[in-house]
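Asker: Sequence and predicted structure, then a few things I'm wondering about:
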Amino acid sequence: MSFSEEPVVKITNATIFQDNTTVLSELDVDIEKGEFVYLVGRTGSGKSSLLKTLYGDLPLRLGDIKVAGYNIRGLKSGDIPFLRRKIGIVFQDFELFYDRNVSENLHFVMKATGWKDKAKMKSRLAEVLMRVGLGAVSSKMPHQLSGGEQQRVVIARALLNEPQILFADEPTGNLDPEVSEGIMKLFLEINKSGTAVIMATHNHHFIKQFPARVLKCDKGKILDSKNEEFELTGMY
């Protein structure tokens, strides 16, 4: 891993598309290593499209983006697994395999990202489950877990490769408030250990309770609390 001072995400004059529609344009944003950043904005304002571009699910056609040392523009499909080893992705709707137990879900990602040593895989799997407070669920099926526990499994999966940054797209959107706060605190603990986090959220309370830098998608642009003050209204 490189320990250069280069930002973990560097966006330069980029335009984000969803299909053939421009959703965000003229973006210039840096996210430093170890930083925690909220991403807010109304539904349809471009939050998910931006995240999908950052982790290689949507192509970048205009401008330049660098994530964990990888140039996203012109990223070849064969390079995406290598990018994914440097980042973690946490989805709102979990995206677990419901016909496999927790251990098998995590093993699938390990194999897909190049792990081969079975002893190391077993050790790392136990380590990440302990990290998210789920030391005893490896043989359980997803349907045997609560929503909060399933999301913790997803976070454990995202941590397998010791990512430089976690991209979290509404990670508490399907959870009740008490469970959501536990998940939020888990992200903050992960961040304190040095992993950058960019979290898309509609939750005003998190931003008030756990203040951090805010990026707001608004009318096709991004407002940055590092550079200007703005209201957090219009997040839905």
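Answerer: Alright, I've got the coordinates. Numbers count the residues shown, from 1 in each chain.
Asker: secondary structure element for the most centrally placed residue in the chain?
Answerer: The C-alpha lying nearest the average C-alpha coordinate of the chain belongs to Phe167 (CA atoms, centre = their mean; 1.3 Å). Secondary-structure assignment from DSSP states H and E places Phe167 in strand 165-169.
Asker: Can you list the neighbours in contact with that strand?
Answerer: Under the criterion CB atoms under 8 Å, 6 or more residues apart in numbering, residues 8-9, 31, 47-48, 51, 54-55, 67-68, 86-92, 155, 158-159, 187, 190, 195-200 lie in contact with strand 165-169. Where C-beta positions appear, they are placed from N, C-alpha and C, glycine not excepted.
Asker: Could you pick out which of the residues you listed are located in strands?
Answerer: Of the contacts of strand 165-169, the ones assigned to strands by DSSP state E are 9, 31, 67, 87-90, 196-200.
Asker: so can I have CSV of the residues you listed showing pLDDT and distance to Phe97?
Answerer: Listed next are the ones in strands among the contacts of strand 165-169 as CSV, based on pLDDT from 0 to 100; distance: CB to CB, whole Å:
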residue, pLDDT, distance to Phe97
Val9, 98, 29
Ile31, 97, 30
Val67, 97, 26
Ile87, 96, 20
Gly88, 95, 17
Ile89, 94, 15
Val90, 94, 16
Ala196, 98, 27
Val197, 98, 25
Ile198, 98, 25
Met199, 97, 24
Ala200, 95, 24
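Asker: so how far is Gly46 from Gly63?
Answerer: The spacing between Gly63 and Gly46, counted by CB to CB, to the nearest Å, is 14 Å.
Asker: before we move on, what about Glu32?
Answerer: 22 Å.
Asker: So those two - more neighbours on which side?
Answerer: Counted by other CB atoms under 10 Å, Glu32 and Gly46 do not tie: Gly46 has more neighbours, with 26 against 14.
Asker: The helix or strand harbouring Ser180: which residues count as buried?
Answerer: Element membership for Ser180 (DSSP H and E) is helix 177-192. Burial within helix 177-192, assessed by neighbour count using 16 or more other CB atoms under 10 Å, is assigned to 179-181, 183-184, 186-187, 190-191.
Asker: So of those, which two are at opposite extremes in space?
Answerer: Val179 and Asn191 (19.1 Å; CB to CB).
Asker: picking that back up, neighbouring contacts of the helix holding Ser180?
Answerer: Residues from elsewhere that reach helix 177-192 (CB under 8 Å, 6+ apart): 34, 36, 131-133, 146-148, 151-152, 155, 159, 166, 168, 171-172, 175, 197, 199, 203, 205-206, 210.
Asker: And the buried ones among those, selectable in ChimeraX?
Answerer: To isolate the buried ones among these in ChimeraX, judged by 16+ other CB under 10 Å, type:
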select :36,131,132,148,151,152,155,159,166,168,171,172,175,197,199,203,206,210
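Asker: Could you list which of the contacts of helix 177-192 belong to strands?
Answerer: If you go by DSSP E, those have 36, 166, 168, 197, 199 in strands.
Asker: Leaving out chain neighbours, which residue sits closest to the last one?
Answerer: Yep, that's Met199 we're talking about. Spatial nearest neighbour of Met199, excluding adjacent residues (CB to CB, 6 or more residues apart in numbering): Ala168 at 4.3 Å.
Asker: got JSON lines for the buried residues of helix 177-192, with distance to Pro142 too?
Answerer: JSON lines is the format used below for these (distance: CB to CB, whole Å):
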{"residue": "Val179", "distance to Pro142": "16"}
{"residue": "Ser180", "distance to Pro142": "19"}
{"residue": "Glu181", "distance to Pro142": "22"}
{"residue": "Ile183", "distance to Pro142": "16"}
{"residue": "Met184", "distance to Pro142": "22"}
{"residue": "Leu186", "distance to Pro142": "18"}
{"residue": "Phe187", "distance to Pro142": "21"}
{"residue": "Ile190", "distance to Pro142": "21"}
{"residue": "Asn191", "distance to Pro142": "26"}
